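K.L.:
when you get a sec, could you give me coordinates for this:
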Amino acid sequence: MNPRMHSNACVRLVICDSASAAENIGHAAMNAPVFTQPRSVNPAGTRPSLSIVIVGHVDHGKSTLIGRLLHETGSLPEGKLDALKIVSARRGMPFEWSFLLDALQTERDQGITIDTSQIRFRTPSRDIVLIDAPGHVEFLRNMITGAAQADAAILIVDATEGVRDQTRQHGYLLHLLGLRQLAVVINKMDRIGFDALRFQEIKAEVVAHLAGLGFAPTAVIPISARNGDGVARHSSSTAWHTGPTVLEALDAFSSARTLADLALRLPVQAVYKFGDRRIIAGRLESGQLALGDDIVVMPSGKRARVKTIEAWPLSDDSRAPSAVTSGQSVGITLDCEIFVDRGDLICALASPARAGNRLRARVFWLHQTPLVVGSRIIARIGTAESGGVVAAIDKAVDSGRLAATHAEVIGQNHVGEIEVDLSRLLAADPIAANVGTGRLALEFNGRIAGGGLVLSVQSAHANSASNSVAPLDASLRTVEPSLRPNPDELTARASTFARVFAELSPAERIAQLRRETTGRIVFTTSFGLEDQAILHLLSERDNDIEVVTLDTGRLFPETHQLWAEVEQRYGRRIRAVYPRHDDLEALVERQGINGFYETREARTACCYVRKVEPLNRALAGAQAWIAGLRADQSAQRRDMTLVAADADRGLIKLNPLFDWTRDEVLAFVSAHDVPINPLHGKGFASIGCAPCSRAITPGEPERAGRWWWEEEGKTECGLHVGRS
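P.N.:
Coordinates of the predicted model:
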């Protein structure tokens, strides 16, 4: 027993029924203790913290593994293990490690984990919050509740049974919830005599399934949770395994950015009047707040400055706090009289949340009445709520069978993406940007009926709900015309930026753009050489620039592997935007799976569906866009500039490496040990969709390997040829 670890250990059980599952995902009621500890927050401020969900088929050994981890790290209270052994003996049962978690009488009798348990322990380098999620098919909703809170995941597989349907389901659900870090544990190796060949067979099957979802596991580990082999120590039984133990794999996961490091978000819970003073109360979901800070109240956009931070009781005004951080409840007053009400969101002036009356969200539906287009619901985000009508449903999936369902219906216990037209403006963040303000709950017929993750917030007219493939011109209508900046003002601003940025380094150009831009900045990456250099620059500085990739469905496996490696290396999520399912189906029906080879028009149409339309969704509502384009990459780009005004999208576009050569980019990534796509070593200078890219021969232009069957001068993607 390790006394130091024992003194820091605690175990917390979260009891979830169908309604509380949705509220946990939605994080809807600010006065309800949904999370008593925000994810990835380290109260002491001295050690990184990580939330990890453990999922897998029922009886594959999740609870046994967690019990063993608690024992191996010395995280059990003194005498707890002996007490449980005595209780087991009295009940006439052999001791099981899972008894440490299965504390409910119902669970012990039935032998299955019903609810989501959160367990804390310490490794030598960090604090771990393990979330034990149910494996039984009837409790998938609670498994989703647990996974929605996690930074990483462990998928456990029984070596005697191999990959089961629920193994595949859980992998898919982790993918839906946006988790990118995953390790696989093959348990009960003792029951197959630690057969290395059988392990390799299961490993190959799991890795192949996960690769289809865009996952590249950080490790696949053979263990015996009951006996401890491979959990905290290597053993002679698995001497053939050269990878990490489970504890080493947990330590290798990248910590997510703490909520305190994100932009300020303070949902207003109440406003109290004391004479002439109006005190605004709420709990900081993210960021920090100090006296004198400039803030903006969303969705109204009204600005003010923090005059006082209140605390009760105070014997001396001089002891009033001067700053607060995420997770703390606070009262503040402002330096001017503006109307603030419950449901408003106080944000940092430099980086406000997005306000809009159309939400796109990925939801898990719990109500027995299916959710259909036209359903009237109430959406709750933080302390705000608004009535709404479901305007579109996409990617509906039966989470039990992983089968696609009718595009305009989400049945009970099914998952799908929806667009909701709201009756009033709400302020929120995409889940990839801020977990504190990126979850929502849905109320239907007077009860909580679903929960989900916010994917985007925009004007109701910013996105067409049509299922047809629109002309190229229509794809550029990402911002309502009345809300776009004046084109002349945008051009003048771009010209000013270009003059100022010309003498700066790429890192300084990005930093200056962030300082000069209020609102969202999006960096789009395809994981090419230039994009990797820019991502490294972004990760060297503390900024809130959103990183997005367009997953066209036809990327190279090497690109998916690099994606996972990059997230682990830099400890940040890269949000994927996918083609609309119906648009893709219509395209393939019209021109065939490889019809883009036939004509330039067919190729442009394919690029529109797979790239242009998803890009426009990714950039909707952004004020600036960073791209990894260089002027010498192709003839079509020789006239490009360092900074440009994109009047169609209403934003500034920065190409921070536009004046670098490929040799300069290569020298940079080499000097900084930046991970790059293995395809570059095979002769690929430019990498996109697999069917449209090839290696080039010495002397060929960089872009010769893209759309290689086209005539010279036309080998450019529909993203860049515009309407020519």
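K.L.:
pLDDT of stretch 397-407, averaged?
P.N.:
Average pLDDT, stretch 397-407: 56.
K.L.:
and for stretch 536-544?
P.N.:
Here stretch 536-544 scores 80 as its mean pLDDT.
K.L.:
report the buried residues of that stretch.
P.N.:
By 16 or more other CB atoms under 10 Å, the buried positions in stretch 536-544 come out as His536, Leu537, Leu538, Ser539, Asn543, Asp544. From N, CA and C alone the C-beta is placed, and that goes for glycine too.
K.L.:
same deal with stretch 550-567?
P.N.:
Neighbour-count burial for stretch 550-567 flags 550-552, 555-556, 558-567 (criterion: 16+ other CB under 10 Å).
K.L.:
of these, which belong to helices?
P.N.:
Within those, residues falling in helices by DSSP state H are Glu558, Thr559, His560, Gln561, Leu562, Trp563, Ala564, Glu565, Val566, Glu567.
K.L.:
would you quantify the distance from Phe364 to Ala396?
P.N.:
11 Å (CB to CB, to the nearest Å).
K.L.:
likewise for Gly282?
P.N.:
In this structure, Gly282 lies at 35 Å from Ala396, with CB to CB as the measure.
K.L.:
quick check: chain neighbours aside, which residue is closest to Glu72?
P.N.:
Among residues not flanking Glu72 along the chain, Ala232 sits closest, at 3.8 Å (CB to CB, 6 or more residues apart in numbering).
K.L.:
spit out the contact partners of that neighbour.
P.N.:
Counting by CB atoms under 8 Å, 6 or more residues apart in numbering, Ala232 touches Leu69, Glu72, Thr73, Thr245, Val246, Leu247.
K.L.:
ranges for the strands of the stretch 301-450 of the chain?
P.N.:
302-310, 323-325, 329-334, 345-348, 354-365, 371-372, 376-381, 384-398, 403-404, 409-410, 414-428, 439-444, 447-458 (DSSP state E, counting those that start in this stretch).
K.L.:
now whichever helix or strand comes after the last one, how far from the centre of its chain.
P.N.:
In other words, strand 447-458. Per DSSP states H and E, the first helix or strand lying C-terminal to strand 447-458 is helix 487-501. Helix 487-501 sits 33 Å away from the centroid of its parent chain (CA atoms, centre = their mean, to the nearest Å).
K.L.:
now stretch 665-676
P.N.:
26 Å.
K.L.:
what does that stretch rub up against?
P.N.:
With contacts defined as CB under 8 Å, 6+ apart, stretch 665-676 is touched by 529-530, 532-533, 535-536, 562, 565-566, 569, 630, 657, 660.
K.L.:
tell me which of those fall in helices.
P.N.:
Per DSSP H, helices hold the following members of these: Leu529, Glu530, Gln532, Ala533, Leu535, His536, Leu562, Glu565, Val566, Arg569.
K.L.:
of these, which is the nearest to Ala624?
P.N.:
Leu535 (16.4 Å; CB to CB).
K.L.:
surely Trp660 meets Pro506?
P.N.:
Yes - judged on CB atoms under 8 Å, Trp660 makes contact with Pro506 at a distance of 7.4 Å.
K.L.:
the more surrounded of these two?
P.N.:
For Trp660 versus Pro506, the count of surrounding residues by other CB atoms under 10 Å is larger for Pro506: 24 against 19.
K.L.:
kindly state the beta-bridge partners for Val643.
P.N.:
When assigned by DSSP bridges, Val643 has beta-bridge partners Leu654.
K.L.:
thinking again about what came up before, dump the contacts of stretch 665-676 to JSON lines, plus distance to Glu702.
P.N.:
Shown next, in JSON lines, are the contacts of stretch 665-676 (distance: CB to CB, whole Å):
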{"residue": "Leu529", "distance to Glu702": "10"}
{"residue": "Glu530", "distance to Glu702": "11"}
{"residue": "Gln532", "distance to Glu702": "15"}
{"residue": "Ala533", "distance to Glu702": "15"}
{"residue": "Leu535", "distance to Glu702": "20"}
{"residue": "His536", "distance to Glu702": "20"}
{"residue": "Leu562", "distance to Glu702": "19"}
{"residue": "Glu565", "distance to Glu702": "23"}
{"residue": "Val566", "distance to Glu702": "22"}
{"residue": "Arg569", "distance to Glu702": "25"}
{"residue": "Arg630", "distance to Glu702": "9"}
{"residue": "Leu657", "distance to Glu702": "13"}
{"residue": "Trp660", "distance to Glu702": "13"}
